[in-house]
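[1] Make a model of this:
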Amino acid sequence: MTAVATRSAAAARGAGLTPAGRRRRSASRTPWWVVLGFMSPFLVGLALFVVYPVLATLYYSFTNYQAGSYLPTQWVGLDNYRGLFSQSQVFWIAVRNTLWMVVFMVPLQTLWAIFVAWVLTRIKRGATFYRTIYFLPAMVPIVATALGFIVMLNPVGPLNTPSVTPASTGRVGSRTRPGPSRASC
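    Modelled structure (predicted):
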């Protein structure tokens, strides 16, 4: 191969041309319907579980909606908000608690987590033991849930066995033996 042919092949690759002389399709040239098809599960979930609840909550906040009531709702405008800001004592307690959590607790928990991580990386002897002890409270609920599902979904577990057994009804006979049942009991 000559130097000219090598340079022209390298120039073609650098320009985005295939050896046959055609341009490669870039990622930005993907058809819109393919992108929309891949995004559709996310968009449907976003619309159903985020956008609709937010818009419904906003709408119902301007009405006299009572959960569980069959009475029709009536538009009350800003009356709910006027009552919330002027008459409700619970609202201002909730605002104070939220601000306390945001201003004090989040930074304190973050600093504590950084400090514990720093300490656990500095320990040389027994580091695995201390890390296990530290992460144990986070792991116990997960393991307990997994074991609970293993017991429940076991072939002889509580969900897969009948709740009424011959022993619980006091009837003992051919129904307690494994095998096909007889027509006359």
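[2] what's the pLDDT at Ala144?
    We have a pLDDT of 94 for Ala144.
[3] Where does the prediction get shaky in this structure?
    Along the chain, segments meeting pLDDT under 70 span 1-27, 162-185.
[4] For stretch 49-62, output the C-alpha coordinates as CSV.
    In CSV, the C-alpha atoms belonging to stretch 49-62 read as follows (Å, rounded to 0.1, in the frame of the first residue of the first chain):
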residue,chain,number,x,y,z
PHE,A,49,-47.1,9.6,39.0
VAL,A,50,-45.8,13.2,39.1
VAL,A,51,-47.5,15.6,36.7
TYR,A,52,-51.1,14.5,37.3
PRO,A,53,-50.9,14.3,41.1
VAL,A,54,-49.2,17.8,41.2
LEU,A,55,-51.9,19.3,39.0
ALA,A,56,-54.7,17.5,40.8
THR,A,57,-53.4,18.7,44.1
LEU,A,58,-53.1,22.3,42.8
TYR,A,59,-56.7,22.1,41.5
TYR,A,60,-58.1,20.6,44.7
SER,A,61,-56.3,23.2,46.8
PHE,A,62,-58.6,25.9,45.3
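[5] can you give me the offset of it from its chain's centre?
    21 Å (C-alpha atoms, centre = their mean, to the nearest Å).
[6] What of stretch 97-117?
    That offset, for stretch 97-117, works out to 23 Å (C-alpha atoms, centre = their mean).
[7] what do you get for stretch 29-36?
    For stretch 29-36, the distance to the chain centre is 27 Å (C-alpha atoms, centre = their mean).
[8] Same check on stretch 63-76?
    31 Å.
[9] how long is it end to end?
    End-to-end distance of stretch 63-76: 5 Å, with C-alpha to C-alpha, to the nearest Å as the criterion.
[10] in that stretch, what's buried?
    Neighbour-count burial for stretch 63-76, counted by 16 or more other C-beta atoms under 10 Å, picks out Tyr65. Using the backbone N, CA and C atoms, a C-beta is placed for each residue, glycine as well.
[11] now swap in stretch 138-155 and tell me
    Here stretch 138-155 shows no buried residue, counting by 16+ other C-beta under 10 Å.
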